[in-house]
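**Student:** I would like to see how this sequence folds:
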Amino acid sequence: MLLLGEDDATPSDCDCDCDGDRDCDRDGRDDRAAAVAAMAAAVAAAVARPRRPKRPRGHERPPPRVRATSEPIEVLHPQHTAGAWVAHTSASAAARAYAKLCKLQASGLRCVAHGEYAHSGGWLARADRTRGEPQDDLPADEPSGSPAEEWRLHPRGEGRICVSNRARVQTKHARGDGWGQVRRPVGHKKGTSAYVHVGGRRTRMRDAVWETFRGPVPRGVCVGYVRASQPPNDALHNLRLEITA
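**Tutor:** Below is the predicted model of the structure:
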C-alpha cells in the first residue's frame, strides 16, 4: 500500500490547473489574494470616513491675538552700550537687539528694572517713565467729553483685573499681591477691536468696560460706539447698546 506524504498532491487535492504538479504555488496565491482583499477593505474604509465639512463663505474667523502696550525700558552696559543708557520699547525688544552680542534675557532685564536684581550679566536696566502709557489716573478732558478716570474690579476677573472707564486695564501678578503696569490694549491690526483676558476668556475691550460699569450685556444686543473712530475709542462715554441684526 502506497502512502502519500504531506508534500504529495493528486489532481483531486488541488483546485487549480496544475494537474498535481509538486511545484504548484497555491499557498502563495492564497496569501496574495488575502493581502489584496485586506488592502481593498482599507481603501473602502478610508473612502467611507466622513470628511471635515468645508467652511462656508462669510464664516467668522477667530479673533486676532492680543497685543498690549509694553513697558518702555532703558539698558546700560559698559561695553555693548559704551556706558550710555539706550532706550527700547520693551525688555523683549532690548534682548532681541543684543541677541547676537550676548545671551541677554528679557526676564532678567525686567527684574533689574523693578529692583529685584542688582544687574543681569553686567547689564543695568531701568523703567522709562517718560514714554509709554501714563501710570497716573487720567484727568477729565472737557473738549472730548471724557470724565476723570475711575477704576473698578471686573465682576468676572476673580479680583485679578481692574478696568477703567477710559479703556485701560491693570492685572495682578500671578505670584504675590503686586499689580502690573497700567496698559491700554490695542488691536493686532489697525482698526480692529482690542481684546483682554477676563476670567480665562478672551473678551472685547468695549465689552469688558461695559460689564464693569453697566453690568452684563443682554441677549439680542451688542456694545457699539457712539462715535466711530480709528483706532476705536473703547471709553465708557463712547459706548452704547445696539440691537444685533
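**Student:** tell me where the protein has helices.
**Tutor:** 26-48, 91-97, 106-113, 205-213 (DSSP state H).
**Student:** out of those, which is closest to residue 120?
**Tutor:** helix 106-113 (3.3 Å; CB to CB). All C-beta atoms are positioned from the backbone trio N, CA, C, and that covers glycine.
**Student:** any residues touching the closest one, and which ones?
**Tutor:** Helix 106-113 is contacted from outside by 71, 73, 75, 90-92, 94-95, 117-121, 123-127, using CB atoms under 8 Å, 6 or more residues apart in numbering.
**Student:** buried set for stretch 207-215?
**Tutor:** 207, 208, 209, 210, 211, 212 (16 or more other CB atoms under 10 Å).
**Student:** with adjacent residues omitted, what lies nearest to the first one?
**Tutor:** By that I understand residue 207. The shortest distance from residue 207 to any non-neighbouring residue, by CB to CB, 6 or more residues apart in numbering, is to residue 223 (5.4 Å).
**Student:** and the one you found, how many residues sit next to it?
**Tutor:** Residues lying near residue 223 (other CB atoms under 10 Å) number 19.
**Student:** pLDDT wise, what is it at?
**Tutor:** On the pLDDT scale, residue 223 is placed at 92.
**Student:** from what I can see it touches residue 204, true?
**Tutor:** Yes - using CB atoms under 8 Å, residue 223 is in contact with residue 204, at 7.4 Å.
**Student:** that older thread, adding distance to residue 101, write the buried residues of stretch 207-215 out as TSV.
**Tutor:** Listed next are the buried residues of stretch 207-215 as TSV, based on distance: CB to CB, whole Å:
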residue	distance to residue 101
207	44
208	41
209	43
210	47
211	47
212	45
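**Student:** which stretches of the protein have low pLDDT?
**Tutor:** Scanning the chain for pLDDT under 70 picks out 1-28, 46-47, 49-70, 129-132, 175-176, 188-191, 245.
**Student:** can you give me the strands for it?
**Tutor:** 73-76, 86-88, 124-127, 151-153, 161-164, 169-171, 195-198, 201-204, 221-225, 239-243 (DSSP state E).
**Student:** can I get the ones you listed in a markdown table with distance to residue 45?
**Tutor:** Below are these laid out as a markdown table (distance: least, CB to CB, whole Å):
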| stretch | distance to residue 45 |
| --- | --- |
| strand 73-76 | 59 |
| strand 86-88 | 57 |
| strand 124-127 | 61 |
| strand 151-153 | 55 |
| strand 161-164 | 50 |
| strand 169-171 | 50 |
| strand 195-198 | 43 |
| strand 201-204 | 39 |
| strand 221-225 | 46 |
| strand 239-243 | 50 |
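**Student:** and those strands: which comes nearest residue 34?
**Tutor:** strand 201-204 (54.1 Å).
**Student:** quick check: residue 159 touching residue 172?
**Tutor:** Yes - using CB under 8 Å, residue 159 is in contact with residue 172, at 7.4 Å.
**Student:** thank you kindly, that will do.
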